[in-house]
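Q: My questions concern the predicted model and sequence given below.
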Amino acid sequence: MDIYVNDNKIGYKPMFPLTWGNFFQKMLQEPEYIKKDHGIVKISIDGVDSLDVMLNGTDELVPETIVEIRIHTKDSLSITRDGLAKVTTLIESIKKEISQAADLFREGKIKEGSTKITRIMEAFKPMINFINSIGISFSMNFDEMYFKQGVTLREKIESFLKTFEDLLNAQQKKDYVELADYLEYQLMEDMEDWNSIAVILLKEAEANKATNA
């Protein structure tokens, strides 16, 4: 099995049996294989894109029949910049979905509106996970970072999650006028706030990188 990191062949020879989780743990713990401030952004196994083995297959065994693994990495700041740019794009897309969902509920198209709410909530799960991963990567303390005066970043994120609870409560009560109002006003306002959160996180990550350079 030949293993490449950023197109450079490395000397790591796995000992089998081995799970993918242990494989990546070994790779990430050894600076000679992957630089300390880098994260994995792409994996190909025998020419097939296979990033999913790191995201969802960590308990599975690494097949001994693999001929070649190619891993590509980026430094954590580059990953953060790229990810936050995608977050901004995602927010604009979600804003359109929110507006359409509110209109559907007002028109009495409950099933279609509920489907859109489900899509909106599903879209936010990876975004929130990514935001949390930035905090971990750069050792950020969201309790000491401020969204605005008197409101910490953690409080702002928690208030956003509370909005989703209010949406679900309105949906369960079948109060579709209230639900449409929440979508059009509160959740739309939250979208603008998430753009601000992205800016705050990027500035903090850049400052952290500069301090530790």
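A: Perfect, thanks for sending it. Given the structure is predicted, the values throughout are model-derived calculations rather than measurements.
Q: So for the one helix or strand in the chain whose mean pLDDT sits lowest, what gets flagged as buried?
A: When each helix and strand of the chain is scored by mean pLDDT, DSSP states H and E, helix 153-172 comes last, with a mean of 85. By neighbour count on 16 or more other CB atoms under 10 Å, the buried set for helix 153-172 is 153, 156, 157, 160, 164, 167, 170, 171. The way it works is simple: take the backbone N, C-alpha and C, and place the C-beta from them, glycine included.
Q: cool, and stretch 96-113?
A: For stretch 96-113, by 16+ other CB under 10 Å, it's 98, 101, 102, 103, 104, 105, 106, 113.
Q: Distance from the helix or strand containing the third one to the middle of the chain?
A: In this structure, residue 102 sits in helix 76-106 according to DSSP states H and E. Chain-centre distance of helix 76-106: 12 Å, with CA atoms, centre = their mean, to the nearest Å.
Q: could you point out which element follows it?
A: helix 110-137.
Q: model confidence over that following helix, on average?
A: The average pLDDT within helix 110-137 is 88.
Q: In terms of secondary structure, what does the least confident helix or strand of the chain contact?
A: When contacts are defined as 3 or more CB pairs under 8 Å, 6 or more residues apart in numbering; DSSP states H and E, helix 153-172 packs onto helix 110-137, strand 146-148, helix 176-181, helix 188-211.
Q: which one of the ones you listed has the most crowded surroundings?
A: Mean neighbour count (mean count of other CB atoms under 10 Å) peaks for helix 176-181 among the helices and strands packed on helix 153-172, with a mean of 18.
Q: Determine the set of other helices and strands touching that helix.
A: Judged by 3+ CB pairs under 8 Å, 6+ apart, the packing partners of helix 176-181 are helix 76-106, helix 110-137, helix 153-172.
Q: at 6 Å what do you get?
A: helix 76-106, helix 153-172 (3 or more CB pairs under 6 Å, 6 or more residues apart in numbering; DSSP states H and E).
Q: Relative to the whole chain's centre, how far out is stretch 195-203?
A: With CA atoms, centre = their mean, you get 14 Å for stretch 195-203.
Q: Appreciated, that's everything.
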